[in-house]
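*Asks:* just to be clear, the model below is a prediction. Sequence and coordinates:
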Amino acid sequence: MAQCLFCRIAAGEIPAQKVYEDDAVLAFRDINPQAPVHILVIPKAHVESAACITPENSHLVARCFQVIAQLGSQLEGGFRVVSNCGPNAGQTVPHLHFHLLGGAQLAVQMA
Ligand code: AMP
Ligand code: ZN
C-alpha cells in the first residue's frame, strides 16, 4: 500500500536500521525502543493487523516467527513478542508487526 509506513520501509523508500531481510520478511530496529533490544518483524506484504490473518496469508506469520526465533535465540535470558491490534491495544501503524523485546529483565505486567 502506497501510503503505509511499513510498506514504504519494506520497499526501501524510507530508511530503517535493518537487522534481517529476505523475500517475505523484514526486521528492523524500532525508532523508539522500549527495551535494550527492540526489533520490529514484519511481513513485506501488507496485512493490516493480527485480526486480518487468514488461511491465505498465515504462512507470512510463520515466516515472521521463524525470523523471531532466529533473532530471539541470540538474546541471552529470553525475549518477549508483542503484536498490538487495534486502538485498545495502542496499534499506531496499521501493518502487521511483531515487537521483539529483550536484552534485559522485562516488566512482569503486560497490560
Ligand atoms: P504499534 O504501536 O504496536 O503499532 O507499533 C508501531 C511501532 O513502530 C512503534 O513502536 C514505533 O516506535 C515504531 N515506528 C514508527 N515509525 C518507525 C520508523 N520509521 N522506524 C522504526 N520504527 C518505527
Ligand atoms: Zn503496509
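*Replies:* Okay, I see it. Numbers count the residues shown, from 1 in each chain. Ligands and ions are numbered 1, 2, ... in the order given.

*Asks:* which residues of the chain lie near ligand 2?
*Replies:* Of all the residues in the chain, those in contact range of ligand 2 (CB under 5 Å from the ion) are 1, 4, 6-7, 46, 95. Any C-beta I mention is one placed from the backbone N, CA and C, and that applies to glycine too.

*Asks:* pLDDT of the helix ranked longest in the chain, averaged?
*Replies:* Scanning the chain for the helix with the most residues, using DSSP state H, yields helix 58-72. For helix 58-72, mean pLDDT rounds to 98.

*Asks:* same question for stretch 11-29.
*Replies:* Within the predicted structure, the mean pLDDT of stretch 11-29 is 98.

*Asks:* do it and ligand 1 meet at all?
*Replies:* Yes - residues of stretch 11-29 contacting ligand 1 under CB under 6 Å from any ligand atom: 14, 16.

*Asks:* in that stretch, what's buried?
*Replies:* 16, 19, 24-28 (16 or more other CB atoms under 10 Å).

*Asks:* and those residues, which of them are in strands?
*Replies:* Among the buried residues of stretch 11-29, the subset assigned to strands under DSSP state E consists of 19, 25-28.

*Asks:* now, which of those residues sits nearest ligand 1?
*Replies:* Using CB to the nearest ligand atom, Phe28 comes nearest to ligand 1 of those, at 6.0 Å.

*Asks:* gap between the closest one and Gln17?
*Replies:* Per CB to CB, to the nearest Å, Phe28 is found 6 Å from Gln17.

*Asks:* ok, Val41 next?
*Replies:* Applying CB to CB, one obtains 13 Å for the distance of Val41 from Gln17.

*Asks:* out of the residues of the chain next to ligand 2, which are buried?
*Replies:* Among the residues of the chain next to ligand 2, those that count as buried by neighbour count (16+ other CB under 10 Å) are 6-7, 46, 95.

*Asks:* great, nothing more from me.
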